[in-house]
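Novice: fold the following.
(chains A and B)
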Amino acid sequence: MKTKLIIFPATLIIALLFFFYIIKPNWDSYSANKTELTEKEQEIDKLRENKYKFDEILKNYKEIDFEEKKIIKNAFPVGFSQENFLYDLNSIVLATGVKLKNTSFLEVVSRSKEEKTLPTIKASLELTGNYFQIRKALYSIENMNRLTRIESLGMTTEKMDGANSLDAKIELLVFHKENLRSLIPSSNDKYFASLLTTGLNSDLLNNYKNYRENATSFDFNWDGEIGKDDLFETSGVSVSKEEVLFETTAEEIELEEALVETIAEEIE
Amino acid sequence: MKEHINLRDKKLAKRKSNKPVFSIGVTLICLVLYGGVFLLNSLVRSNIQEIEVEKKSIEKSLKTDEMKEAYNFGADLIDLNSLIAGRSLLEQTSNIIKISEKTLPPVFFDDFGVKNEKGVSDYKIVLLSPDYETLSKQINYYKEIEGIENLFLNETTTIEETDAKDYIKGTVTFTLGLDDKKIQEESKNEESSEDNF
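Specialist: Purely as a prediction, here's the structure:
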């Protein structure tokens, strides 16, 4: 009889315990899993979309001409590849006839906003040669296949065995990438985010091609009546040029007189 | 009285007889609830696992060599375009040509220096001119150079040469940079890259 009386409350207690210690945690776990599933579903939807976009990017990439791919690859080599840089530099030296007196390389630690993500080497070169050789070397350095930027240039005259020679110091930034980047499917990755928005933008490729192609149509000559080809040349003024040169209007004369006065005042 | 008591006993007996049923009912409800929750949870977990498998498969497909190559190509294009924005490949060579075009033949350089920062080149040139008239003409001609700014003659000195004509040595500074349109494009690019990244 007593046992029968205990069964009901005992069952209730066991049921409550079962509910609170087994069903409730399972329900909580289910709720958490359900939330996780919703998040995962959103995540996978986004990933599927990204995959679709990157498949498109891959398709577009495969359609790009080999030569065009090479232009970009050459502009940004993996690693500084000092040996290739020296090889290119030597080719310039041989082609222009300048003498490479000195080179030094320095890793640029932190630069401006636009360059901070890119590893950059500052190369300092010291060249000697005549003006035309130096100018041609400068042209060849700026026109290198890999992306460089002249940061400073200095030219001074240097007398060597009676002949006029120039001593040129060039500091240039050489850009490269550390290694092949791994594709990180995350919006925090700037390239991933940008590529998702714009895809493999053909405008960017054309921009760079145009940037390079302008160099091939570069002309050292000009049609103007005045001008001097060798800026360090101390002699040789053609009479015809001089005559044209000093043909001035009344207005110009006034302006020039004013300038002379200003200079004279400054000297005083 | 006794009858009444008996009646109560009957109710009690009825109640007592219902208790095992309730107990079984409660137990069954608990088990059904547990089973239901367990099944739902298993279903959700299996869905999560399926998604994880698909996620891994997509991530794997994004990490293939050819996808990496395409991604690097795209990333290089982005970097290259940010570096060349508003600039020209032969910046310094073309600036030297611009200066050459406007240099008077009797004038020659003794020293030439340029520092480039953010597409703007700061020049410091030491000129040698046969006289002040030519020097002033030269400055006037330099003003005609496209994109020239802050042209300034810092100092002049007369160089006396014993066996030849004297020279006037003048130090000229100026900046040659991007034209307004290019500067605007560059700042626009910088702003948009900030927004994107």
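
Novice: C-alpha only now, for contacts and for neighbours.
Specialist: OK.

Novice: hmm, whichever strand or helix holds B:L77 in reach of chain A?
Specialist: Taking DSSP states H and E as the definition, B:L77 sits inside helix B:65-84. Yes: applying C-alpha under 8 Å from any C-alpha of the partner chain, one finds that helix B:65-84 is in contact with chain A at B:66-68, B:70-78, B:80-84.

Novice: quick one: that helix to chain centroid distance?
Specialist: Distance, stretch centre to chain centre, for helix B:65-84: 13 Å (C-alpha atoms, centre = their mean, to the nearest Å).

Novice: go ahead and name everything in contact with it.
Specialist: Applying C-alpha atoms under 8 Å, 6 or more residues apart in numbering or on different chains, the contact partners of helix B:65-84 are A:54, A:57-58, A:61, A:69, A:72-73, A:76, A:114-115, A:180-183, A:191-192, A:195, A:200-201, A:204-205, A:207-208, A:211, B:61-62, B:189-190.

Novice: filter those residues down to the ones in helices?
Specialist: Judged by DSSP state H, the contacts of helix B:65-84 include A:54, A:57-58, A:61, A:69, A:72-73, A:191-192, A:195, A:204-205, A:207-208, A:211, B:61-62, B:189-190 as members of helices.

Novice: are any of these buried, and if so which?
Specialist: For those, a neighbour count by 16 or more other C-alpha atoms under 10 Å in any protein chain shown gives the buried set as A:54, A:57-58, A:61, A:72-73, A:191-192, A:195, A:204-205, A:207-208, A:211, B:62, B:189-190.

Novice: on the three-state scheme, the closest residue to chain B within the stretch 1-150 of chain A is what?
Specialist: The minimum distance from the stretch 1-150 of chain A to chain B, using C-alpha to the nearest C-alpha, falls at A:Y30 (4.9 Å). With DSSP: H, G, I helix; E, B strand; the rest coil as the basis, A:Y30 sits in helix.

Novice: quick check: it touching B:L43?
Specialist: No: with contact defined as C-alpha atoms under 8 Å, A:Y30 does not reach B:L43; the gap is 9.5 Å.

Novice: which one's more surrounded, the two?
Specialist: A count of neighbours by other C-alpha atoms under 10 Å in any protein chain shown puts A:Y30 above the other of A:Y30 and B:L43, at 21 against 15.

Novice: spit out the contact partners of that one.
Specialist: B:V37, B:L40, B:N41, B:V44.

Novice: one more time with 10 Å
Specialist: Residues near A:Y30 by C-alpha atoms under 10 Å, 6 or more residues apart in numbering or on different chains: A:K24, A:E36, B:V37, B:F38, B:L39, B:L40, B:N41, B:S42, B:L43, B:V44, B:R45.

Novice: so the first one touches A:F18, yeah?
Specialist: Yes: with contact taken as C-alpha atoms under 10 Å, A:K24 and A:F18 are classed as touching, separated by 8.5 Å.

Novice: tally of neighbours for the residue nearest to B:G177 when sequence neighbours are not counted?
Specialist: Distances taken as C-alpha to C-alpha, 6 or more residues apart in numbering or on different chains put B:V120 closest to B:G177, at 4.0 Å, once the chain neighbours are dropped. When counting by other C-alpha under 10 Å, one arrives at 18 neighbours for B:V120.

Novice: now B:V120: how far from A:I150?
Specialist: Relative to A:I150, B:V120 is positioned 12 Å away (criterion: C-alpha to C-alpha, to the nearest Å).

Novice: contact partners for B:T158?
Specialist: Applying C-alpha under 10 Å, 6+ apart, we find B:T158 in contact with B:L128, B:S129, B:P130, B:D131, B:Y132, B:D166, B:Y167, B:I168, B:K169, B:G170.

Novice: could you rerun that using 6 Å?
Specialist: Shown in contact with B:T158 (C-alpha atoms under 6 Å, 6 or more residues apart in numbering or on different chains): B:Y167, B:I168, B:K169.

Novice: surely the first one touches B:I159?
Specialist: Yes: contact status for B:Y167 versus B:I159: in contact at 5.0 Å, counting by C-alpha atoms under 6 Å.

Novice: the residue nearest to B:G177 bridge partners, please.
Specialist: Legend: beta-bridge partners of B:V120 under DSSP bridges are B:E117.

Novice: is chain B contacted by stretch A:73-86?
Specialist: No: against chain B, stretch A:73-86 shows no contacts by C-alpha under 6 Å from any C-alpha of the partner chain, the least distance being 7.0 Å.

Novice: now do the buried residues in that stretch.
Specialist: For stretch A:73-86, using 16+ other C-alpha under 10 Å, the buried residues are A:K73, A:A75, A:F76, A:P77, A:F80.

Novice: and it, how far apart are its ends?
Specialist: First-to-last residue span, stretch A:73-86, C-alpha to C-alpha: 18 Å.
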